[in-house]
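A.B. asks: Predicted structure and sequence below. I'll ask about it afterward.
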Amino acid sequence: QVQLQESGPGLVKPSQTLSLTCTVSGASITSGIYYWTWLRQSPGKGLEWIGYIGYSGRTRYNPSLKSRTSISRDTSKNQFTLQLSSMTPEDTAMYYCARDMTGNLANDYWGQGTQVAVSS
């Protein structure tokens, strides 16, 4: 059974950089053709795709967030990490990591999500 677990701060200040880690168990992030993905959902808004790091290490980001986003991985720990810079209150959301089977929002496994608030 594949399991994903997000971890990171629940509160960040405006202008700071958010760093979230997703720890994967039951599958290797370098095996198979999968795309390890970050998404978020703000109150009253739909689910927003942030980006992914693929099995090969290639990354792809949402164009609207690309200038502030970096996704990396630590294969020794089977983890991948989201960094989102210049945080504003509009970035307050529930953040999820997920496994995508195609790289096109075909997510088959999800983490439970972690709430992030941006406030001074």
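C.D. replies: That came through, no problem. Residues are numbered from 1 along each chain as shown.
A.B. asks: Now do residue 94 against residue 59, distance only.
C.D. replies: According to CB to CB, to the nearest Å, residue 94 and residue 59 sit 22 Å apart. Backbone N, C-alpha and C define where each C-beta goes, glycine included.
A.B. asks: I should have written residue 17 there, sorry.
C.D. replies: 17 Å.
A.B. asks: Which one's more surrounded, these two?
C.D. replies: residue 59 (18 against 12; other CB atoms under 10 Å).
A.B. asks: Not including adjacent chain positions, what is the nearest residue to the residue nearest the centre of the chain?
C.D. replies: Geometric centre of the chain, nearest residue: residue 38, 2.5 Å, by CA atoms, centre = their mean. Distances taken as CB to CB, 6 or more residues apart in numbering place residue 50 nearest to residue 38, at 4.1 Å, with adjacent residues excluded.
A.B. asks: what helix or strand does the one you found sit in?
C.D. replies: Under the criterion of DSSP states H and E, residue 50 resides in strand 47-54.
A.B. asks: Can you give the strand pairings for that strand, parallel or anti for each?
C.D. replies: Here strand 47-54 is paired, per DSSP bridges, with strand 35-41 (antiparallel), strand 59-61 (antiparallel).
A.B. asks: quick one: residue 23 and residue 42, what's the gap?
C.D. replies: Counting by CB to CB, the separation of residue 23 from residue 42 is 24 Å.
A.B. asks: between these two, which one's more packed in?
C.D. replies: residue 23 (17 against 13).
A.B. asks: Residue 73 is in contact with that one, correct?
C.D. replies: No: with contact defined as CB atoms under 8 Å, residue 23 does not count as touching residue 73 (11.2 Å).
A.B. asks: list the residues that contact both of the two?
C.D. replies: Residues touching both residue 23 and residue 73 (CB atoms under 8 Å, 6 or more residues apart in numbering): residue 79.
A.B. asks: The residue nearest to residue 38: neighbour count?
C.D. replies: Using other CB under 10 Å, residue 50 is surrounded by 23 other residues.
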